[in-house]
Each structure stands twice: as C-alpha cells, then as structure tokens.
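Engineer: Attaching a predicted model along with its sequence, questions to come.
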Amino acid sequence: MRLDKALVEAGLCDSRARAAQLIAAGAVTVDGVVVRKASADGRGVLALTHDPIPWVSRAALKLVHALDLFDLEPAGVAMDVGASTGGFTEVLLKRGAGQVYAVDVGHGQLHPRIAGDLRVVNLEGVNARALPDDLPPLDWIVSDVSFISLEKALPGPMSLAKDGAVLVALIKPQFEAGREHVGKGGVVKDTAVHDAVRARIAAFLRQEGWTVTHQDDSPITGADGNREFLIAARR
C-alpha cells in the first residue's frame, strides 16, 4: 500500500493530500526511517515526527506571508476563490474575517474542520465565473486558482466588492502565460515571462478600478516547483 494511503488508513492523516504534504516535508517515518515519497511502501511502523504545517493546507503559508508583509487585517465578509481544502479560508478566519464564502468548482475538498465552521459558507461545485445571485457585498477577496487565469476568475467576485474592499491573489505564471512559455513538467522558468505576467495582472486590476498596493514573491513554490507571486489591491 502507498505510504500516503497507509497514513490515512492508520488515522494519522485525514486525507491523502495532507499525508503527501507531511511526507514531502520529511515529517513521516516508516520503521524509524524518514521517507519523502508518497508512493513509497507504507508497510511498517508509521509515525509523524512533527507537523511543520499548522494549517489545513500548505497554501495557507502564502496568505499568512502576504498579510504579515503587507500589514493587512482581514475583516467582515470575505470570499476565498479556489478554496480547495480551505487553507486561505482558515487564515482569513483566524486573522479576523467574520464570514467566508469558500468557492471552488470541485466537490468534497474543503477540510472537515473548515466546512464545519459556522462562519464558512461552502460553495462547492460553484464556478467563480457564475456565482449565485444572492451573495452579499464583500469586504475581502482572496484567490488561489489553478488552470484558469485571474482575468477570468476574478471579475465575478470583484463585482461584489464594496468600496475599500481588499484583494489578495496568487499569480501563477504557468496558468497565465501562453503554452509556448511553459516548459517541461509545466514549469515556467523564464523570469521575463514572470515579469510580463505580473505586469499584465496588475494592469488588469487597475482597469477594473482597483489600486495595486503591494506585490511580492510567494514564500513557497507551487507543488510542481513553479515560482508564484502575490499581489494585493484595494478598490
């Protein structure tokens, strides 16, 4: 049995995704030996040596970095676009948001701890390009989306933003640049492409009536090793 699956069946992790994160972080041992491959043989005595990620997902570290570096404090009603397991949602709640609408086209991805929080509205199976009509005005928008450009994913949520609303989004060049710029394994290595993508997204936000306030590198790379970037704006 694969190690990631074995950890779930042993009750040491609540999902294979979480198991894979801990394995990659060197926090899992099999018969006392650290193993770093999720596909490794999971037979033996399994143990977690530590939990290096005190959130429901590794992605939370990206938003924590942005909030700290940009000196931002979530509040009021927020939307997490591309919520997945809920890392960004968890950070918003712990940092002061009163309610979070967790939007994701997938189903069953939100961590049970997040889905069970009464402050969270789980909009699973919902495309950010076709949001329900009964949503409230938003004070905050955060976004970590894949396989779609921010230029397509954000207009719907941004149309709900109040004056003075804050946006923090993760820019992923592999989903913004043309195919000709994406190399082997889906990795974009050309820094000129990174710069062009960042400039284009900043221009898009300005065209939508937002003021770009901060930009920085993400503190961690994507799962495939891609460099990612954070951008913050205010309406």
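Structural biologist: Good, I have the coordinates. Numbers count the residues shown, from 1 in each chain.
Engineer: mind checking the longest strand of this protein?
Structural biologist: Secondary structure of the chain per DSSP state E: the longest strand is strand 161-171.
Engineer: what separates that strand from the chain centre, distance-wise?
Structural biologist: Here strand 161-171 is found 15 Å from its chain centre; the criterion is C-alpha atoms, centre = their mean, to the nearest Å.
Engineer: Could you look up the next helix or strand downstream of it?
Structural biologist: Later in the chain than strand 161-171, the nearest helix or strand by DSSP states H and E is helix 191-207.
Engineer: what comes up buried for that next one?
Structural biologist: For helix 191-207, the neighbour count (16 or more other C-beta atoms under 10 Å) marks Val193, His194, Val197, Arg198, Arg200, Ile201, Ala202, Phe204, Leu205 as buried. The C-beta positions use only the backbone N, C-alpha and C, and glycine is treated the same way.
Engineer: tell me what that helix is packed against?
Structural biologist: If contacts are counted by 3 or more C-beta pairs under 8 Å, 6 or more residues apart in numbering; DSSP states H and E, helix 191-207 sits against helix 150-153, strand 161-171, strand 211-217, strand 229-234.
Engineer: Mean neighbour count, these: which tops it?
Structural biologist: strand 229-234 (a mean of 22; mean count of other C-beta atoms under 10 Å).
Engineer: And the protein, what are its domain boundaries?
Structural biologist: The chain breaks down into these domains under automatic domain parsing: 3-48, 60-234.
Engineer: Measure how buried Gly116 is and give me the count.
Structural biologist: 10 (other C-beta atoms under 10 Å).
Engineer: give the contact list for it.
Structural biologist: Contacts for Gly116 were tallied using C-beta atoms under 8 Å, 6 or more residues apart in numbering; there are none.
Engineer: returning to that earlier point: so can I have a markdown table of the helices and strands packed on helix 191-207 showing mean pLDDT and distance to Gly178?
Structural biologist: Below are the helices and strands packed on helix 191-207 laid out as a markdown table (pLDDT from 0 to 100; distance: least, C-beta to C-beta, whole Å):
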| stretch | mean pLDDT | distance to Gly178 |
| --- | --- | --- |
| helix 150-153 | 97 | 13 |
| strand 161-171 | 98 | 15 |
| strand 211-217 | 97 | 22 |
| strand 229-234 | 98 | 18 |
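Engineer: Many thanks, we can stop here.
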